[in-house]
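>>> Take this sequence and fold it.
(one chain, ligands or ions: 1)
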Amino acid sequence: MIELNKKNIPKHIAITMDGNGRWAKAKGKNRVFGHKNGVKAVRETVESAVENNIEFLTLYAFSTENWMRPKLEVNSLMNLLISSIINETKTLMKNDIKLMAIGDINKIPKTAKNKLDSVIEKTKNNAKMSLILAISYSGRWEIINAVKKIIKNNVDANEINEHLFEQYLDTKNVPDPELVIRTSGEHRISNFLLWQIAYSELYFTKVFWPDFRKKDFINAIVEYQKRDRRFGK
Ligand code: FPP
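Model (predicted):
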């Protein structure tokens, strides 16, 4: 068993869950099979995050760009996402996990949105960990949306600073992630949390998301604990 330094646990870890499609293709199966097998990795990661006292876990579940995938894949992904959330509601309650969503969630089909809203409402007073799902999310969309809200509020230009701007982001009241993990060997940000990752440590692993397990999550934190964070100073 790897021992983590309990004094240097990141408060917030964000993950781009990548490689479901390639994982499935390597097995001669369709992409949806990959997404279905990604759910087990989500469960293990959430469990490990709770066990290690992570306060915020953000998962990139569906990007703004994902809407352009074939309709069948989009529908399956949405259904999988919502059914997983519904199925896990009891576990979220038992483990004191609050579910949150960031992104343009008004774009998701109404019935799915209603179900998502009901779980968010039900878990809103849970306090052990916040599980933040990025759904129909992109960092540029979030920043532009913040600008629109600021203009609509007639905010004086002289009042705009980093602190004020953050109040208009979807991640309002969520600390920036200290660690961002991306699976599947891709070394890109792909429009994920652009504002929030200014000083984040980035960790890349070749493991495809459906194979991601607790030990992979712990390895990422171990690597993070070895880094020397200077914040530009
Ligand atoms: C990326 O793989 C993965 C996604 C776009 C979706 C991730 C969603 C899940 C694992 C479903 C369940 C989620 C929750 C939170 C319950 P990809 O399709 O981009 O793979 P590729 O890069 O190999 O094509």
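>>> count of neighbours near D156?
7 (other CB atoms under 10 Å). Glycine gets a C-beta too; all of them are placed from N, C-alpha and C.
>>> Let me see the contact set for it.
By CB atoms under 8 Å, 6 or more residues apart in numbering, the contact set of D156 is empty.
>>> So for this structure, the centremost residue is which one?
Residue closest to the average C-alpha location in the chain (CA atoms, centre = their mean): L59, at 1.9 Å.
>>> Surely I108 and S136 touch.
Yes: look at I108 against S136 with CB atoms under 8 Å: they come within range, at 5.9 Å.
>>> can you tell me which residues contact N173?
Applying CB under 8 Å, 6+ apart, no residues qualify as near N173.
>>> what helix or strand is it on?
Assigned by DSSP states H and E, N173 belongs to no helix or strand.
>>> Tell me the residues on the protein that lie near the ligand, please.
17-22, 31, 35, 38-39, 42, 59, 61, 66, 77, 80-81, 84, 133, 184, 209 (CB under 6 Å from any ligand atom).
>>> which residues are contacting the top helix by length along the chain?
Counting by DSSP state H, the longest helix found in the chain is helix 31-51. For helix 31-51, the external contacting residues (CB under 8 Å, 6+ apart) are 13, 15, 17, 19-25, 27, 57, 59, 72-73, 76-77, 80, 84, 88, 95, 97, 128-129, 131, 208-214, 217-218.
>>> now stretch 213-230
2, 4-5, 8-10, 13, 41, 44-45, 47-49, 52, 178-179, 181, 183, 199, 201, 203, 205, 207.
>>> rewinding a little: out of the contacts of helix 31-51, which are buried?
13, 15, 17, 19-24, 57, 59, 76-77, 80, 84, 88, 95, 97, 129, 131, 208-212, 217-218 (16 or more other CB atoms under 10 Å).
>>> Show me those residues that map onto helices.
Short answer: the buried ones among the contacts of helix 31-51 in helices (DSSP H) are 20-24, 76-77, 80, 84, 217-218.
>>> among these, which two are most distant?
The largest separation in these, counting by CB to CB, is between S76 and I218 at 30.5 Å.
>>> Counting neighbours, which bits of stretch 3-19 end up buried?
9-10, 12-19.
>>> likewise stretch 25-45?
31-39, 41-42, 44-45.
>>> ditto for stretch 99-113
Applying 16+ other CB under 10 Å to stretch 99-113 flags 99-105, 108, 112-113 as buried.
>>> Output the residues you listed as JSON lines; include the columns pLDDT and secondary structure.
Putting the buried residues of stretch 99-113 into JSON lines (pLDDT from 0 to 100; DSSP: H, G, I helix; E, B strand; the rest coil) gives the following:
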{"residue": "L99", "pLDDT": "98", "secondary structure": "strand"}
{"residue": "M100", "pLDDT": "98", "secondary structure": "strand"}
{"residue": "A101", "pLDDT": "98", "secondary structure": "strand"}
{"residue": "I102", "pLDDT": "98", "secondary structure": "strand"}
{"residue": "G103", "pLDDT": "98", "secondary structure": "coil"}
{"residue": "D104", "pLDDT": "97", "secondary structure": "coil"}
{"residue": "I105", "pLDDT": "95", "secondary structure": "helix"}
{"residue": "I108", "pLDDT": "94", "secondary structure": "coil"}
{"residue": "A112", "pLDDT": "95", "secondary structure": "helix"}
{"residue": "K113", "pLDDT": "96", "secondary structure": "helix"}
